[in-house]
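In: Pasting the sequence and the predicted model now:
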Amino acid sequence: MALRHVDAVVIGSGAGGGIVAKELAAAGMTVVLLERGRWISPYECAKDDLRNQRTSVLGASFGPEDEGNPRVKVNRDGSEEIVYPSRGAYHNNAMCVGGGTASYGAMAWRFMAQDFRMRSIYGAVEGSTLEDWPISYDDLEPYYEKAEYELGVSGDVEPDPFKAPRRKPLPMPPLPPNLEYRILKPAALRLGLHPFDIPMLRNSVPYDGRGVCMRCRWCVGFACEVNAKNGTQNTVIPKALATGRCELRTRAVAREILLTAQGKARGVAYIDANDRLQEQTADLVVVSCGAIESARLLLNSKSRLFPRGIGNNYDWVGRNLQGHTYTGANGLLPFDCYDDLGPGAGIAICDYAHGNPGLVGGGMLCNEFIRLPYQYLGRMPPWVPAWGREHKDFVRKWYRRTINVQGPVQELPVFDSRVELDPKVKDRWGIPVARLSGYKHRHTLEIADFLSRRAEEWVKEAGAIRTWRRVPNDELSAGQHQAGTCRMGDDPKTSVVDRYCRVHEVENLYVVDASVHVTNGAFNPVLTIMAIAYWASAHILRTRS
Amino acid sequence: MAVSGGASSLACARAGRRWRFFTDEEAATAAAICDRIIPPDEDPGAVETGAVEFLDRQLKGHYRHWQQTYRRGLREIDEAARASYGRAFAALDEAEQLAMLREREKTPFFRLITDHTMQSFYGDPRHGGNRDFASWRMLGIANPPVRGRQQYDLRASK
C-alpha cells in the first residue's frame, strides 16, 4: 500500500534535519522525518569508556553496527581496505535520533566573519579548492541566535575580542570553572591572550523544561544521563512531533532519491525497519545525512538526467571532504590539575584563529573534555616507551598532573579528498557503500604545527615542567566534524547547492547539513549546521507561500 | 581463579574448554606477553587483572576480525622461542621475553595485543579486564563515578 503523500520528507534527524523538520511542521507543512538509527534515551548513557561514540574500540554505541555497514578506505599507496564503523578510518559520526547531537561534546561555536571569506582574505592556495561562501556571517547571524535560544546555549563569549558582532548575549551563563580552567586562565592572561568561557549546548541553569548539568564529565561520546545536554533529539524534534504534522520513522534506511521524468524530486525510496522497500513521496525532499552519507545518497540516485548521481553533472558531489585537524600540546605539572569536574572543556582562546603571519587561517585552542584512562594513553609523550614498566609508571605518576590544550585547525579543502561509491562493496541492503580517499593539504599541517607551538607556550606558562606537542598525520580528515561534500555556491559548475542549500538542477531538493560548508571554520561545526538549517527552512517557507 | 604468572598455573588448569577462543598454549603465550606489556609492580599487572580472560572473550566478540592475527602472532613468537631457546615463550625468563618482544615491537600483531591489553587493564571492568578496578584505584579514579557532582560541590562550599 502506498504511503500517504506529504509536503516534505527529511532524511536524517541530526543537527540539520531535526531543525528543518520542526520548522516546516511548525509552519503547517506535513513532514516525514526518516532516521536510520533509533531513539537513544538518557538512561543509555552507560558510561562505558570502551564502547561509546568517541572511543569505539568495542563498538559504537549509537550506531551503526559493525555488521552490514562497511565502508571502503583507499590508502595513500592506492591499496584498499574494508573498514567497520568502530574503526577510526570509517569516519563515523552517529546513527540515531538526534544524530551526532545526542552524543557530542556540545561546543556551540559561531564561525567568525572571516571564516566565510577565506579566499578573499587569503587568496588562492595551490592544491586547494579554497573559496568564499556565497553567504556571509551577517546573513546567518539571526539564525545563529535562533539556534542558541531555541536549543539553549550557556557560556560567556563577551571577553573574546575576535568574535563576530552579535545582537544578543548567550541565553545561559557559563558553568563555574574547573581546576584546569583556574590554572589556564591566569596563564593565558599573562601571555596577553584573551580567554573566555566556551559556548556550550548545555544547561547551566534550568532551560526549556529540562534541568542542569551535573558536571560528571561524561559528555562527548555519551548520552547525557540527566538530559542537560541539548541536541535536536530533546529540543526541536519533540516540538516537531508535538505539532501532530511530523511523523518520525526510525530504522529507515534511504536508498535513493526518486525523480520525475521532468527532473523534479518526487520522494525517496527507503528500507523500513522490517527490511521492506518503501516509497515516500513528497513535494519537497531534504537530505541531512552528514557529509559522507548525504554525498553517498546523491551518488546512489542515478537517472537519465543524472547518470553520475543527482546534482553531480559537474563532478562536485563528494568532493572536498574535510573535518578538523586537531593539534595541541600537553604539559606535566608538579601538582594535580585534573579534578574530574565536567564537562571538562571550559576555557578557550581565539587569538590564533586568524591573522597569523604567513598562514591561511589558524585555529581555536581550548582545554579538553573527558580524560578516561584509555584515552589518556593516546597522547603519551614521545619519550615514553609504548609499553612495559616505564609506560605503566608514567601513567601512574602523571595521569592527574597532565594538562592539555588543543584545538581544531581550519583545513584547506582538497578536491581529491572525497566520497565516491565503491564499485563492489555493498551494505546489508545491497546499496553501494561510501569509498573514502584523499589526504590533508600540506598547509593544513603547517598551520597545525604553528598552533601546537602556541598551545605549548600556554601550557608552559601554566607551569608545565615538561611539554610535548600533538603532531597530526596527513591522512584524510572527516570524522565527527565531516563537511564539504555538497559545496554551497552561486556557480552550478563549481558547487552542488545554491546559497539556500537547494541542489542547483533540482528545484525541490535540498541538502541541509555540513556537506554544504565551503570551508569548515576553526570551530566545532554544529551551531553553523543548525544556523544553516534555520536559514534554509526560512527560504523554503518563504518560497512556498 | 586469577591467572598469576602465566604458564605454571595454566598448566594446572583442568582439561576441558577453559577458554572460548584460545588453546591452553595460546593462553599461556598471551599471558606472558600481557605481563610484559603491563607488568605487576606495586600495583597489579595485566594478567592478574584478567587480561587473558578479556582477550579471550573479546576475540569471540568485538575482536573477532582479528582471530587469525592472534593465532598466527602467538604461534610465531612461541615457535621462535622454541627455536632460539628450546623452551616455550611462556617459559622464558623476563629478560629473554623482553628481548623477543622488542624485536617484534613494530609488527601489527604486537601493536594490536598492546592496544588490547591496555583496553583490558585501563578499561571498565564490565568488559572482563581491570579486575577489582585495579588500574582505576592506581590512578585515584572514584568508582562508582560520583554523580550529581555540581550539587555536591556547591553544598561543600557553603
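Out: Good, I have the coordinates.

In: contacts, neighbours, all on C-alpha from now
Out: OK.

In: In contact with the residue of the stretch 401-545 of chain A found nearest chain B, which residues are there?
Out: Nearest to chain B in the stretch 401-545 of chain A, going by C-alpha to the nearest C-alpha, is A:R401, at a distance of 10.8 Å. A:R401 makes contact with A:L332, A:L333, A:P334, A:F335, A:D336, A:C337, A:Y338 under the criterion C-alpha atoms under 8 Å, 6 or more residues apart in numbering or on different chains.

In: Confirm that A:W535 sits in a helix.
Out: Yes. Checked against DSSP: H, G, I helix; E, B strand; the rest coil, A:W535 lies within a helix.

In: longest single strand anywhere in chain A?
Out: The residue-count maximum for a strand in chain A (DSSP state E) belongs to strand A:277-287.

In: now the helices: where do they sit in chain B?
Out: Taking DSSP state H as the criterion, chain B contains helices spanning B:7-11, B:24-37, B:51-59, B:67-85, B:94-103, B:108-122, B:134-139, B:149-157.

In: List the contacts of the residue minimising distance to the centre of chain B.
Out: In chain B, the centroid-proximal residue (C-alpha atoms, centre = their mean) is B:A51; its distance is 2.9 Å. By C-alpha under 8 Å, 6+ apart, the contact list for B:A51 reads B:A31, B:C34, B:T117, B:S120, B:F121, B:G128, B:G129, B:N130.

In: do that again at 7 Å, thanks
Out: By C-alpha atoms under 7 Å, 6 or more residues apart in numbering or on different chains, B:A51 lies in contact with B:C34, B:T117, B:S120, B:F121, B:G129.

In: just the strands in the stretch 251-400 of chain A please.
Out: A:253-259, A:265-271, A:277-287, A:325-332, A:347-349, A:365-366 (DSSP state E, counting those that start in this stretch).

In: Dump those to JSON lines, plus mean pLDDT and mean neighbour count.
Out: Formatted as JSON lines, these follow (pLDDT from 0 to 100; neighbours: other C-alpha atoms under 10 Å in any protein chain shown):
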{"stretch": "strand A:253-259", "mean pLDDT": "98", "mean neighbour count": "23"}
{"stretch": "strand A:265-271", "mean pLDDT": "98", "mean neighbour count": "22"}
{"stretch": "strand A:277-287", "mean pLDDT": "98", "mean neighbour count": "22"}
{"stretch": "strand A:325-332", "mean pLDDT": "98", "mean neighbour count": "25"}
{"stretch": "strand A:347-349", "mean pLDDT": "98", "mean neighbour count": "25"}
{"stretch": "strand A:365-366", "mean pLDDT": "98", "mean neighbour count": "27"}
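
In: Which of these sits closest to chain B?
Out: For these, proximity to chain B was assessed by C-alpha to the nearest C-alpha; strand A:325-332 is nearest, at 15.5 Å.

In: Give me the contact list for the closest one.
Out: Counting by C-alpha under 7 Å, 6+ apart, strand A:325-332 makes contact with A:398, A:401-409, A:411, A:448, A:451-452, A:455-456, A:459-460, A:464-472, A:477, all of which sit outside it.

In: Relative to that strand, what are the paired strands and their orientations?
Out: According to DSSP bridges, strand A:325-332 forms sheet pairs with strand A:402-409 (antiparallel), strand A:466-470 (antiparallel).
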